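Asker: Next comes the sequence, and after it the predicted model I'd like to discuss.
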Amino acid sequence: MIDLCFLGTGGSIPMPDRALASLYIRVGGKAILLDCGEGTQIGIMRLGWGFRCIDALLLTHFHADHCSGVPGFLLAMAKAGRTEPLDIYGPVGLTQVISGLRVIAPQLPYPLRLHELSRERSNFSAIGLQITAFPLNHGIPCLGYFFSLHRLPAFDPEKARSLHVPLPLWKVLQHGESVEVGGRTVLPEEVRKEERKGLSFLYATDTRPVPDITELGKNCDLMILEGMYGDDDKLPQAHKNHHMLFRESAALASQAQPGELILTHFSTSLEGPEAYLPQALAVFPHTRCATDGMCLTLRFPER
Ligand SMILES: [Zn+2]
Ligand SMILES: [Zn+2]
């Protein structure tokens, strides 16, 4: 399963009751932080899932609302006692931006490993998630991220017992490796059942609509897109600033048919984002607005 928490849901400027958009992603006790605007560390503290367990920081782009919280975050990780390396992923310019931000956080008890991602799609993995970074259309290099969690095939314990496979070796077989039992090789396919669908979700804010969002996010469990502007009269502004309306995000979801669409990254001009939700619901009914501190869990279906 995958735990997600929206640490903040604001765009551009933090507000007294709306922190800047950032997502905490947790799988099996390890975590990824996605974007780190000013004050993101406060949201992490409030959540209580921890700093030390964060193995990777993923940045979408280098507008201040997505990265100005990095020095404070790095220092909070140090204070929490992290000594293991931290991987930081981001678009072209990452090395320069992080070295600039590091001027005010020069001493860290753990190494940083920077991964500057190209303008094309790129694949990597962290905390057991397969991740695809893909280019967005925001006027400057900006990335969306698609995450998937593989699920092992179901295991047939009856079959394993009948083949006299000792219990400690069941996991080895389920992970796809053969084992030796009483001089005979037992193959994974003898005890593994059918393949099972994993979990996947997509995150893309700060962009005009791009085909990669619907291609990668096709039938995923969850899409997280931006709700920067509400009304249609904001369309010229959305074009000018490379953002999307509620309705435009919902249209992408309608094409890709995820299990659910959650909107975040709301403009400061939207006092209550919920008021604009009907515009998205008219296009894609399984839509809701994120709120600061909102958590949810993506679970494998029973079978
Ligand atoms: Zn932004
Ligand atoms: Zn931006």
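Answerer: Good, I have the coordinates. Ligands and ions are numbered 1, 2, ... in the order given.

Asker: Roughly how far does residue 89 sit from residue 131?
Answerer: 8 Å (C-beta to C-beta, to the nearest Å). Every residue, glycine included, has its C-beta placed from N, CA and C.

Asker: what touches both of the two?
Answerer: 58, 124 (C-beta atoms under 8 Å, 6 or more residues apart in numbering).

Asker: out of the two, which sits in the more crowded spot?
Answerer: Between residue 89 and residue 131, counting by other C-beta atoms under 10 Å, residue 89 is the more crowded of the two (24 against 19).

Asker: can you pull up the bridge partners for that one?
Answerer: residue 58, residue 115 (DSSP bridges).

Asker: For it, report the pLDDT, please.
Answerer: Looking at residue 89, its pLDDT is 98.

Asker: Contact partners for it?
Answerer: 56-59, 115, 117, 124, 133.

Asker: cool, and residue 166?
Answerer: Going by C-beta under 8 Å, 6+ apart, residue 166 touches residue 181.

Asker: Check residue 78 too.
Answerer: Taking C-beta under 8 Å, 6+ apart, one finds 107-110 in contact with residue 78.

Asker: hmm, back to that, now, which of the contacts of residue 89 sits nearest residue 247?
Answerer: Checking the contacts of residue 89 against residue 247 by C-beta to C-beta gives residue 133 as the nearest, at 26.3 Å.

Asker: State the distance from the closest one to ligand 1.
Answerer: 17 Å (C-beta to the ion, to the nearest Å).

Asker: Could you do residue 6 as well?
Answerer: Look at residue 6 and ligand 1: by C-beta to the ion, they are 14 Å apart.

Asker: And for residue 7?
Answerer: Distance of residue 7 to ligand 1, given as C-beta to the ion: 14 Å.

Asker: Give me the secondary structure label for that residue.
Answerer: Secondary structure state of residue 7, per DSSP: H, G, I helix; E, B strand; the rest coil, is strand.

Asker: Angles on the backbone of residue 70, please.
Answerer: Backbone geometry at residue 70, expressed as degrees, to the nearest 10, gives phi -60, psi -50.

Asker: How about residue 16?
Answerer: According to degrees, to the nearest 10, residue 16 has phi -50, psi -30.

Asker: And the pLDDT for it?
Answerer: 94.

Asker: try the one 5 residues further on
Answerer: At residue 21 the predicted local confidence, pLDDT, stands at 96.

Asker: For it, give me its contacts.
Answerer: Applying C-beta under 8 Å, 6+ apart, the residues near residue 21 are 6, 8-11, 35, 37, 65-66, 205, 264-265.

Asker: thinking again about what came up before, could you single out the nearest of the contacts of residue 89 to ligand 2?
Answerer: residue 59 (11.0 Å; C-beta to the ion).
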